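[1] My questions are about this predicted structure, shown below with the sequence.
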Amino acid sequence: MLTARETVKELNSYSRAGEIAQEVFSSIRTVFSFNGSDYEKKRYEKELNTTQSSSIRKGVAYGLYVGWNNLIIHVIYAAGFMFGLLLMLDSGRYETTLSDVVIVVTIFAQGITFLGLIGPFLQSFTEARGAAIDVFRIIDEVQNETSESNINEDEIWNTNESANKVINITSQIRFDNVNFAYPNRKDVPILNNLTLTARAGETTALVGSSGC
């Protein structure tokens with residue numbers, strides 16, 4: 001359970017980090033023009049730090065498993081030979097030979113060793129199960145019985161009353177004394193006391209000092 005839970009956290013962190021990387025590379029010119037490379041780097045590293053913590057916890061859990069398994073093997077050897085020695089010394093009640101002791105102790109030790117070899121496969125299995133959670137969630141989604149399997153976008157808009165209410169906009173948007181500057185260049189104002197009214201059904205163009 002711990003491995004599966006930490007695997008889910010890792011995958012989510014990798015997904016968020018990948019989204020940040022895709023966002024930055026798709027607008028790399030904008031990032032460099034506003035000197036935002038350090039900021040984006042910190043955003044990316046922040047997501048990867050969560051992955052590092054999850055990997056450490058997974059490693060600790062697996063290390064405890066391997067260490068506990070090896071401890072049991074050595075305890076079996078020590079206890080088995082000690083108990084076998086006592087049986088050999090009590091020759092009046094038991095007819096125990098050294099070969100009998102070695103066979104019994106080896107069988108138990110080898111059994112624990114083979115059980116320990118399952119550990120890496122169990123770890124891979126739990127990681128795979130954690131990675132497949134989203135896939136199983138999609139598979140297990142029950143499709144609405146009243147809806148058709150193939151539905152296009154037009155049908156969605158036509159059957160959704162709330163969508164029609166949103167589309168039929170008759171209001172206007174007004175910007176009143178808006179001031180704006182990018183965080184990395186606060187001394188360079190982009191918008192200075194902008195007042196603008198955008199009315200429904202009209203096209204409004206904004207032209208800067210450069211003519212763009």
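    Yes, it's here. Residues are numbered from 1 along each chain as shown.

[2] just how off-centre is the host helix or strand of residue 195 within its chain?
    Secondary structure assignment for residue 195, by DSSP states H and E: strand 191-198. Here strand 191-198 is found 42 Å from its chain centre; the criterion is Cα atoms, centre = their mean, to the nearest Å.

[3] Same question for the host helix or strand of residue 111: list its buried residues.
    Residue 111 belongs to helix 98-116 when assigned by DSSP H and E. Of all the residues in helix 98-116, those buried under the rule 16 or more other Cβ atoms under 10 Å are 101, 104-105, 109, 116. To be clear about C-beta, it is placed using only N, CA and C from the backbone, and glycine gets the same treatment.

[4] do the same with stretch 33-53
    Of the residues in stretch 33-53, those buried (16+ other Cβ under 10 Å) are 36, 40, 43-44, 47, 50-51.

[5] Please apply the same query to stretch 24-35.
    Using 16+ other Cβ under 10 Å as the test for burial, stretch 24-35 gives 24, 31.

[6] Now do that stretch: distance from first to last residue.
    Terminal residues of stretch 24-35 lie 12 Å apart, using Cα to Cα, to the nearest Å.

[7] Give me the average confidence score over that stretch.
    For stretch 24-35, mean pLDDT rounds to 86.

[8] before we move on, back to that, which one among the buried residues of helix 98-116 gets closest to residue 7?
    Using Cβ to Cβ, residue 116 is the member of the buried residues of helix 98-116 that lies nearest residue 7, at 21.4 Å.

[9] Give me the contacts around the helix holding residue 111.
    66, 69-70, 72-73, 76-77, 80-81, 84-85, 87-88 (Cβ atoms under 8 Å, 6 or more residues apart in numbering).

[10] residues in contact with the closest residue in space to residue 173 that isn't next to it in sequence?
    The spatial neighbour of residue 173 that comes closest, neighbours along the chain excluded (Cβ to Cβ, 6 or more residues apart in numbering), is residue 198 at 4.4 Å. By Cβ under 8 Å, 6+ apart, residue 198 lies in contact with 172-174, 204.

[11] Which members of those residues are the farthest-apart pair?
    174 and 204 (11.5 Å).
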